[in-house]
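*Asks:* below: sequence and its predicted model.
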Amino acid sequence: MRTSTRIALAASAAALLIGCVSAPASSSPGDAGAGGRVLVFSKTAGFRHDSIPEGITAVKDLGAANGFTVDATEDAGAFTDANLRRYDAVVFLSTTGDVLDEGQQTAFEHYIEKGGGYVGVHAAADTEYDWPFYGGLAGAYFQNHPAIQPATVKVEDRGNPATAHLDRTWNRTDEWYNYRSNPREHAHVLASLDESSYTGGTMAGDHPISWCQNYRGGRSFYTGAGHTKESYADPAFRQHLLGGIRWASGAAQADCRPESGYTSLFDGTAESLKDWKQAGPGSFELSDDGTLTSAGGMGMLWYAGRPLGSYSLKLDWKMAGDDNSGVFVGFPQSDDPWSAVNNGYEVQIDATDAPDRTTGSVYSFQSADVKKRDRALNPPGEWNTYEIRVEGERLRIWLNGVKVNDFTNADPARSLRDGYVGIQNHGNDDQVSFRDIRVKDLPAKPGAGSGH
């Protein structure tokens, strides 16, 4: 469980979203909180965006409201080993052309390889075309763009702090870049453009516009938005930028591994709940933003559409405080929630309890790797992402992209094969929210139950 200092940081971010001004929040050193430091670099050797001053002001405002220091420079001499190690993230704000010499490039490579954070904004993709390391870090290079116009942004991942505040679609006006390649195979796409909503898109209907990735030891976040001056006064875009900075600096955790091939089981709509059934008392309440929140219990909402054999299940969850819930896997069809307890396994969600009964554990059977879990876990009030992977009798759990548990069923009375999945509503005092539940079928592997 994270400390209350990070909870304060989350609270200030939420206040910013609705246009409020927050007092600086404290956080642990080594991230973009109190004691953290961010460098904004905006040197241009090609086209210069007139929104750069507004962008610098916006990042400084975010720092003042959220407890991190912001330095801004166009001096490439700042890129030395000694200077860069002072920063938790470096923002390339609409840089263009060749902005670093060979020695400065080497220093920045060292910085990333030692765990540094990169945030690329808009024309950061129009930068350093002859430096392969940078191209991989940014994720894709700029190709061209149509005129500034409104477009619909499809938000693909709302578990990331850069997009958690957004609805499934985000309508905004900007200069929409086309890219020379599609980053989806090596980066985790957070948002993409609906090319039917505007003119001039050239990426054949799969048009990522914001993404994140773990890259050579460091973290990289990129957004293609941010061309206009007006962007930097928009609370939704500011929150998008803040979330990217927080993730890149290590102040917030998220799963930024590439993701493809998943089918939605619950997409936030009432229609997508038609194959779900409530077992036992209590319920889940569906909010306008597509979130399911537990109420009462102890019961379970389970997906009755089909049993799952070998699969990867992903979902986003958030606790309000010290709450209790879980994700059940490997149980038979039943309207009795205790059938899941007695015949399946629960991947626990709980801020406190014994190691084998808290977040990341296989409840009462095997603790998570607590050190890894604690580093990966976001505090109450912030979204987390589980990947629960079942192959044969082997159950593995990733929290925000970090593997925290690897369990093999050896109980002949239970089996993970061809079971159902569900989410728990634990009781009147427990409020846990879920959204974006999706599954990917995996090929059955011989010996998958061996744990090797």
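*Replies:* Ah, there it is. Remember, predicted model here, so these are calculated numbers, not experimental data.

*Asks:* is the residue nearest to residue 419 when sequence neighbours are not counted in a helix, a strand, or coil?
*Replies:* Spatial nearest neighbour of residue 419, excluding adjacent residues (C-beta to C-beta, 6 or more residues apart in numbering): residue 330 at 3.6 Å. Heads up, the C-betas are built off the backbone N, CA and C, glycines and all. Under DSSP: H, G, I helix; E, B strand; the rest coil, the three-state class of residue 330 is strand.

*Asks:* could you do residue 118 as well?
*Replies:* With three-state DSSP as the basis, residue 118 sits in strand.

*Asks:* next up, the contacts around it.
*Replies:* 89, 90, 92, 112, 137, 138, 215, 218, 219, 220, 221, 248 (C-beta atoms under 8 Å, 6 or more residues apart in numbering).

*Asks:* now do the second one against residue 293, distance only.
*Replies:* It refers to residue 90. Distance of residue 90 to residue 293, computed by C-beta to C-beta, to the nearest Å: 38 Å.

*Asks:* the two: who's more crowded?
*Replies:* residue 90 (25 against 17; other C-beta atoms under 10 Å).

*Asks:* who's in contact with the more buried one?
*Replies:* Residue 90 neighbours (C-beta under 8 Å, 6+ apart): 38, 39, 41, 84, 108, 111, 116, 117, 118, 119.

*Asks:* and the last one, bridged to which residues?
*Replies:* Translated: residue 119. Residue 119 has the following beta-bridge partners by DSSP bridges: residue 91, residue 221.

*Asks:* contact partners for the residue nearest to residue 329 when sequence neighbours are not counted?
*Replies:* Using C-beta to C-beta, 6+ apart and skipping the chain neighbours, the partner closest in space to residue 329 is residue 421 (5.3 Å). Residues in contact with residue 421 (C-beta under 8 Å, 6+ apart) are 265, 302, 303, 308, 313, 327, 328, 329, 439.

*Asks:* try residue 106
*Replies:* Counting by C-beta under 8 Å, 6+ apart, residue 106 makes contact with nothing.

*Asks:* assumed it was part of a helix.
*Replies:* Yes. According to three-state DSSP, residue 106 belongs to a helix.

*Asks:* and it, how far from residue 113?
*Replies:* Residue 106 is 10 Å from residue 113, by C-beta to C-beta.

*Asks:* residue 406 now?
*Replies:* According to C-beta to C-beta, residue 406 and residue 113 sit 28 Å apart.

*Asks:* ditto for residue 271
*Replies:* From residue 271 across to residue 113, the span is 46 Å (C-beta to C-beta).

*Asks:* next one: residue 243
*Replies:* 24 Å.

*Asks:* same deal with residue 367?
*Replies:* Applying C-beta to C-beta to residue 367 and residue 113 gives a distance of 32 Å.

*Asks:* looking at those two, which one has more neighbours?
*Replies:* Ranked by neighbour count (other C-beta under 10 Å), residue 367 and residue 113 place residue 367 first, with 19 against 13.

*Asks:* which ones are touching the spatially closest residue to that one that is not a sequence neighbour?
*Replies:* With C-beta to C-beta, 6+ apart as the measure, residue 355 is the residue that lies nearest to residue 367, at 3.8 Å, once sequence neighbours are left out. Contacts of residue 355 were listed using C-beta under 8 Å, 6+ apart, and they are 361, 367, 368, 370.

*Asks:* quick check, central residue of this protein?
*Replies:* Per C-alpha atoms, centre = their mean, the C-alpha nearest to the average position across the chain is that of residue 160, at 2.4 Å.

*Asks:* quick check, residue 313 in a strand?
*Replies:* Yes. Counting by three-state DSSP, residue 313 is found in a strand.

*Asks:* any idea how far the nearest residue in space to residue 93 that is not next to it in sequence is from residue 122?
*Replies:* Leaving aside its chain neighbours, residue 93 sits nearest to residue 42 (4.4 Å; criterion: C-beta to C-beta, 6+ apart). Using C-beta to C-beta, residue 42 is found at 11 Å from residue 122.

*Asks:* mind listing the shared neighbours of those two?
*Replies:* Joint contacts of residue 42 and residue 122 (C-beta under 8 Å, 6+ apart) are 93, 94.

*Asks:* more neighbours, those two?
*Replies:* residue 122 (27 against 23).

*Asks:* nearest spatial neighbour of the more buried one, skipping sequence neighbours?
*Replies:* Excluding its sequence neighbours, the residue lying closest to residue 122 (C-beta to C-beta, 6+ apart) is residue 226, at 4.0 Å.

*Asks:* before we move on, which element is the one you found in?
*Replies:* Following DSSP states H and E, there is no helix or strand that holds residue 226.

*Asks:* again with residue 437
*Replies:* Going by DSSP H and E, residue 437 is in strand 432-441.

*Asks:* which other residues reach that strand?
*Replies:* Counting by C-beta under 8 Å, 6+ apart, 157-159, 261-268, 284, 290-294, 303, 308-320, 323-325, 349, 421, 423, 426 sit against strand 432-441.

*Asks:* can I get the buried part of these as one ChimeraX selection?
*Replies:* In ChimeraX, this line selects whichever of these come out buried by 16 or more other C-beta atoms under 10 Å:
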select :157,158,159,262,265,266,268,284,290,291,292,293,294,303,308,309,310,311,312,313,314,315,316,317,318,319,323,324,325,349,421,423,426
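
*Asks:* now, the contacts of strand 432-441 that are in strands?
*Replies:* 263-266, 284, 292-294, 303, 308, 311-319, 324-325, 349, 421, 423, 426 (DSSP state E).
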